[in-house]
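S.K.: sequence-free structure coming up:
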């Protein structure tokens, strides 16, 4: 490839590619997606040949599955004639002095990370190449899609490969380079189908057509329709290349000679002369286009990368702060335990007061749930009042009830016992829904407190277990007290009492509301129906008074016992733990993975901060 790559891109392109490569070298792509070109294709699509032509080195190729793990190919154009290479995977790194070493080292690397049984691995191999003939480009080559397991390969090899491919191409930061041979039906190209599924409009997908020399005579126009984007539309469109075939390799044709033959092929073809002139054909045109696409993607992503780095650093710092430093001596252990419990108690106090400024509390939503329950309780009480007047079943039963309890009184005189019995029964029916509401809020309080304990005491299994035992004990205690209070409220309501002035005032309001209806209909009403209407008026009057009391007192009892008292007692119990000096060592003992998690978080913070510094300097 000519020095045109260096002349065209050195100043404008290389800094962007180096920056992203440096982030990937730090491991930042573990934390956030980075702009990259992902190369995919069906098995034997010519993918390896394309990469060979771009990189200038021979890669594993032939029959079967040759790419068995992601291969990151970092290409850098340099002025000197010296060729340099480097391969890295796991904890291994080796400098390469000659292009002939590459194929052997990649096979060795694949056998190491994916075993020798043609299995697939998600672990990435990195190959860096510096050459006068290389373009400035970084790509990630993924295994070709194999449909049938061969030899010792697992039977679900196709599913495994597709899962790996999808994990790369679905990211919005990825440019998907789909390799499709010209001599196959594009409708059967599984790689293109997968790309279209994650990128329906083709905004991130560029297709490259291979093996134009193998097209059946008369099929050239179909290929040109693809190049003109007339068949399967992709916003980034299509290019076409002709790379070395197996016979060329057997004949020891060099890659530079292959590029010359490719150019001659397109220039001499009446079907593909136009695509060559329009820079849609040849490996150099493909390299030029890929580099341009990647740099544009990087430029667009810089602001997003900056905000994501900031967000990730903050989140990592929060996780480290929640874990704290591992204590060593007795003094540090007690201080560590005290700080953990104090922060937990601060959050449960914030929970009780509805102070949503606390980091943890804002996501737990205890008050919205309880408020919703209390509003439903109020609506239920109002619905029961309306049922007194609208339910035919109630009126029929009331009429029968009145008749069965008539004594010596004349018609129209309502016996107080009838009213009292019906009022008690109607109000007592409210007790079960009240207890259901109490149980629901009790469950929510336990759930929220337990979740809060998990957030604060992550990595401290003994302290978490002790806290959960305390939460369960307090929950049972407060359930009993809240249930007892609700039972007491309903026993009190069974006395049927209110101030005379209150009842008279409410009755007068009720009668004024119903007066028009009574005057319009009382002449035609039978005696018993008049008495039912009178009973209904008195029941509605008293029910309104009683339900107004219960609308507030039941939620107040639940809120006091299930929320306020639960949290007060939990806080007291948690601080009492600090007095159990013989348990301090046990309570601050970390689980086996905690130290590893802390180390991982520290490493993540370090690489993210290095990435932020690199972005500032960029």
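M.R.: Happy to help now that I have it. In this text, all values refer to a predicted model and were calculated from it rather than measured experimentally. Numbers count the residues shown, from 1 in each chain.
S.K.: how about the strands in the chain?
M.R.: 36-41, 71-77, 84-89, 92-96, 125-131, 137-141, 174-181, 205-210, 238-240 (DSSP state E).
S.K.: Could I get the contacting residues of residue 573?
M.R.: Contacts of residue 573 were listed using Cβ atoms under 8 Å, 6 or more residues apart in numbering, and they are 470, 473-474. The C-beta positions use only the backbone N, C-alpha and C, and glycine is treated the same way.
S.K.: Now rank those residues by neighbours and give me the top one.
M.R.: residue 474 (21 neighbours; other Cβ atoms under 10 Å).
S.K.: Run a quick neighbour tally on the nearest residue to residue 567 once chain neighbours are set aside.
M.R.: Nearest residue to residue 567, sequence neighbours excluded (Cβ to Cβ, 6 or more residues apart in numbering): residue 352, at 4.3 Å. With neighbours defined by other Cβ under 10 Å, the count for residue 352 comes to 21.
S.K.: Quick one, grab the pLDDT at residue 352.
M.R.: On pLDDT, residue 352 comes in at 78.
S.K.: residues contacting it?
M.R.: Contacts of residue 352 (Cβ under 8 Å, 6+ apart): 563-564, 567-568.
S.K.: Can you flag the buried ones in those?
M.R.: Among the contacts of residue 352, those classed as buried by 16 or more other Cβ atoms under 10 Å are 563, 567.
S.K.: so residue 140 sits right up against residue 72, yeah?
M.R.: Yes. With contacts counted by Cβ atoms under 8 Å, residue 140 reaches residue 72, the gap being 5.2 Å.
S.K.: Mutual contacts of those two, please.
M.R.: The contact lists of residue 140 and residue 72 share residue 124, where a contact means Cβ under 8 Å, 6+ apart.
S.K.: So which of the contacts of residue 352 sit within helices?
M.R.: Among the contacts of residue 352, DSSP state H puts 567-568 in helices.
S.K.: closest to residue 56 among the contacts of residue 352?
M.R.: Nearest to residue 56 out of those is residue 567 (Cβ to Cβ; 69.1 Å).
S.K.: Now do the same contact list for that closest one.
M.R.: Here residue 567 is in contact with 348-349, 351-352, 449 (Cβ under 8 Å, 6+ apart).
S.K.: again, only using 7 Å
M.R.: 348-349, 351-352 (Cβ atoms under 7 Å, 6 or more residues apart in numbering).
S.K.: Throw these into CSV and include distance to residue 586, thanks.
M.R.: Converted to CSV, the contacts of residue 567 look like this (distance: Cβ to Cβ, whole Å):
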residue, distance to residue 586
348, 23
349, 26
351, 27
352, 29
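S.K.: Out of the residues you listed, the closest to residue 189 would be?
M.R.: So of those, ranked by how close each gets to residue 189 (Cβ to Cβ), first place is residue 351, at 56.1 Å.
S.K.: Quick check, the closest one in contact with residue 366.
M.R.: Yes. Here residue 351 lies in contact with residue 366, judged by Cβ atoms under 7 Å, at a distance of 5.8 Å.
S.K.: okay, and the common contacts of those two?
M.R.: In contact with both residue 351 and residue 366: residue 448, using Cβ under 7 Å, 6+ apart.
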